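**Q** the following block contains a protein sequence and its predicted model.
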Amino acid sequence: MINIIISILLLLTFIGFIFYIIKGGNLVIGFFVMALLWSIIGLVPFDQVVQEVIAKPALNYGPTIIYIVFGSWFGRVLVDSGIAGSISAQTQKVGRKAPILAAILVVLVTALIFSSAYGVGSVIAIGVILIPILLSIGVPKKIAIPAFTMAIGAPMYINVVLFNQIKAFFPSVSFSGKYLAFGLTAMSVQLLGVIIFILINSKQIKNGKIETIAANSQVDFKQTHPITFVVPVLPVALNMFFHWDAIPALLLATIIALLLTGQMKSYKELVEFINKTVSQAINDISGLIIFLMALVMFAGAATMNVPHFKDIIAVVLPSSPLVLAIAVGILAPLALFRGPLHVWGAGAATAAVLAATGTFQPIFLLPLLYTASIMAVSIDLTQSWNSWALTYSKLETKEFLKMGIPVMWIISIVNELIVYAFFGH
């Protein structure tokens, strides 16, 4: 009887948490309060709350934070050294002569940059270059902005910073081997979907009027040699072909970026550049780190309550990986607005419970939930850089969602089937 009451109370607080997140509640406070609530409701002994819910999850997540720090620094070096800006500027050369090709090139360049770069600061630095290019060649805002944000979302499958955030729920899954093969496949599917989206709307692009952004000013950046254009993909290549760990791969790629962009010509300037980029990189992820600490504590509380959840999970969860993959694909829009399939929203509870019960393998669950969450990363209004893109371009929210959600929904269903093909057997 007590177990039934506890299970009901846990379920009610989970539903309440979903509403709290959808209404825009603070995620850090929400996760921390839920960790305490689930510990109290689950009758977890005080000493276990201190050790197993608060201390151990946070301490165990420390190494992952280091991956995020190095990934953030590498992304900042790409932006501040001029590599990202130089790659972006190449698309302008195609110009009005071939607007469809130019739009596709912008999508591919965006994906290349954000295979390693991460964060709203990097998006703004690249967006103020690429969005005006799209508008200047006649791509309507309602096509340009969703294409840009979906192109950012596509490489997040292989972005080491974002991957290590979802790894909080599935620490046994490594960023290598079979996962990377899946990540590259899923990224390619999403990029193909964005390109098809552009081609379907090609008539509007060819007949589109040139638009400008009133607030836009000339963006200055240092031009770099074309050889630097391969730098963004170096960390993934070193991991995939030479099986390097992400940290030395990111560090070597950062050193190569500094060398090829002339930052090492002067010791004084090198020190200043490193200090500036490291400081900015840490600042970019400071809030994220606190958020992740609260999240892993909540995951710890969910783990302690597994016995109370198992009966509920057994009733509502399909036993077939294929059925689950199809279901998550069809329900992928529930990731929007930080809903129950968004792992950095109310879906954190979903991920924590599924991970803790052990019904399915972590290597299957991580990409399963990651795919739904990337739909939100690509087109959700609660994603900070999507919100910035709308504000910057003055595109109406309704148009953004109407154009982007159907595309990402189809892509999510396809990628969930790919998840099953890779990991469901």
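**A** Right, received. Where do you want to start?
**Q** low-scoring stretches of this structure, by residue?
**A** Scanning the chain for pLDDT under 70 picks out 93-96, 212-221, 310-312, 314.
**Q** hmm, 50 instead?
**A** In the predicted model, the chain carries pLDDT under 50 at residues 217.
**Q** max-length helix in it?
**A** Assignment by DSSP state H gives helix 267-304 as the longest helix of the chain.
**Q** quick one: list the elements packing against that one.
**A** helix 27-41, helix 56-60, helix 62-80, helix 120-136, helix 160-166, helix 246-260, helix 347-357 (3 or more CB pairs under 8 Å, 6 or more residues apart in numbering; DSSP states H and E). (Each C-beta comes from the backbone N, C-alpha and C, glycine too.)
**Q** list the buried residues in that helix.
**A** Residues 273, 277, 280-281, 284-285, 288, 291-304 are the ones in helix 267-304 that count as buried (16 or more other CB atoms under 10 Å).
**Q** so which of the helices and strands packed on helix 267-304 is nearest Val377?
**A** Among the helices and strands packed on helix 267-304, the nearest to Val377 by CB to CB is helix 160-166 (7.6 Å).
**Q** got the contact list for that closest one?
**A** Residues from elsewhere that reach helix 160-166 (CB atoms under 8 Å, 6 or more residues apart in numbering): 64, 67-68, 71-72, 75, 116, 118-119, 156-157, 175, 183, 235, 246, 250, 285, 288, 292, 343-344, 351, 366, 369-370, 373, 377.
**Q** circling back: Lys203: which of the helices and strands packed on helix 267-304 is closest?
**A** Going by CB to CB, the one of the helices and strands packed on helix 267-304 nearest Lys203 is helix 120-136, 16.3 Å.
**Q** what about the closest one, distance to the chain center?
**A** 18 Å (CA atoms, centre = their mean, to the nearest Å).
**Q** same check on stretch 82-90?
**A** For stretch 82-90, the gap between its own C-alpha mean and the chain's C-alpha mean amounts to 22 Å (CA atoms, centre = their mean).
**Q** buried set for it?
**A** Judged by neighbour count using 16+ other CB under 10 Å, the buried positions of stretch 82-90 are Gly82, Ile83, Ala84, Gly85, Ser86, Ile87, Ser88, Ala89.
**Q** just the terminal-to-terminal distance for stretch 315-335.
**A** Across its full length, stretch 315-335 reaches 22 Å end to end, with CA to CA, to the nearest Å as the criterion.
**Q** now it: how far from the chain's centre is it?
**A** Offset of stretch 315-335 from its chain centre (CA atoms, centre = their mean): 21 Å.
**Q** what residues sit buried inside it?
**A** Pro321, Leu324, Ala325, Ile326, Val328, Gly329, Leu331, Ala332, Pro333, Leu334, Ala335.
**Q** identify the residues contacting Leu108.
**A** Contacts of Leu108 by CB under 8 Å, 6+ apart are Ala151, Leu191.
**Q** Pro307 too?
**A** Contacts of Pro307 (CB under 8 Å, 6+ apart): Asn3.
**Q** so which of the buried residues of stretch 315-335 are in helices?
**A** Members of the buried residues of stretch 315-335 lying in helices (criterion: DSSP H): Pro321, Leu324, Ala325, Ile326, Val328, Gly329.
**Q** what distance do you get for the fifth one to Ile166?
**A** Going from Val328 to Ile166 by CB to CB, to the nearest Å gives 14 Å.
**Q** got it, and the fourth one?
**A** If you measure Ile326 against Ile166 using CB to CB, the figure is 21 Å.
**Q** same check on Lys141?
**A** Lys141 is 31 Å from Ile166, where distance means CB to CB.
**Q** next one: stretch 155-165 to chain centre, how far?
**A** Here stretch 155-165 is found 6 Å from its chain centre; the criterion is CA atoms, centre = their mean.
**Q** and it, how far apart are its ends?
**A** For stretch 155-165, the first-to-last residue distance is 15 Å (CA to CA).
**Q** need the max-distance pair from the buried residues of stretch 315-335.
**A** Taking CB to CB, the two most distant members of those are Pro321 and Pro333; they sit 21.3 Å apart.
**Q** picking that back up, closest one to Phe31 out of the buried residues of stretch 315-335, please.
**A** Among the buried residues of stretch 315-335, Ala335 lies closest to Phe31 (CB to CB), at 17.1 Å.
**Q** quick check, that closest one in contact with Ile379.
**A** No - look at Ala335 against Ile379 with CB atoms under 8 Å: they stay out of range, at 9.7 Å.
**Q** state the phi and psi torsions of the spatially closest residue to Ile405 that is not a sequence neighbour.
**A** Using CB to CB, 6 or more residues apart in numbering and skipping residues adjacent in sequence, the residue nearest Ile405 is Ile379, 5.9 Å away. The phi and psi values for Ile379, taken as degrees, to the nearest 10, are phi -140, psi 0.
**Q** look at Trp244 and give its secondary structure.
**A** Three-state call for Trp244 (DSSP: H, G, I helix; E, B strand; the rest coil): coil.
**Q** tell me the phi and psi of it?
**A** Trp244 adopts backbone torsions of phi -70, psi 150, taken as degrees, to the nearest 10.
**Q** surely it touches Leu238?
**A** Yes - counting by CB under 8 Å, Leu238 is a contact partner of Trp244 at 4.3 Å.
**Q** now do the shared contacts for those two.
**A** Common neighbours of Trp244 and Leu238 (CB under 8 Å, 6+ apart) are Leu252.
**Q** if I look at Phe273, how far off is Tyr267?
**A** Applying CB to CB to Phe273 and Tyr267 gives a distance of 11 Å.
**Q** cool, Val353 as well?
**A** Distance from Val353 to Tyr267, by CB to CB: 53 Å.
**Q** before we move on, what about Asp47?
**A** Going from Asp47 to Tyr267 by CB to CB gives 52 Å.
**Q** from the chain's centroid, how far away is whatever helix or strand Phe400 lives in?
**A** Following DSSP states H and E, one finds Phe400 within helix 397-423. Here helix 397-423 is found 14 Å from its chain centre; the criterion is CA atoms, centre = their mean.
**Q** buried ones in that helix, by neighbour count?
**A** For helix 397-423, the neighbour count (16+ other CB under 10 Å) marks 399-401, 403-405, 407-420, 422-423 as buried.
**Q** now do it: which elements does it pack against?
**A** Judged by 3+ CB pairs under 8 Å, 6+ apart, helix 397-423 is in contact with helix 141-153, helix 177-200, helix 321-330, helix 362-379, helix 384-393.
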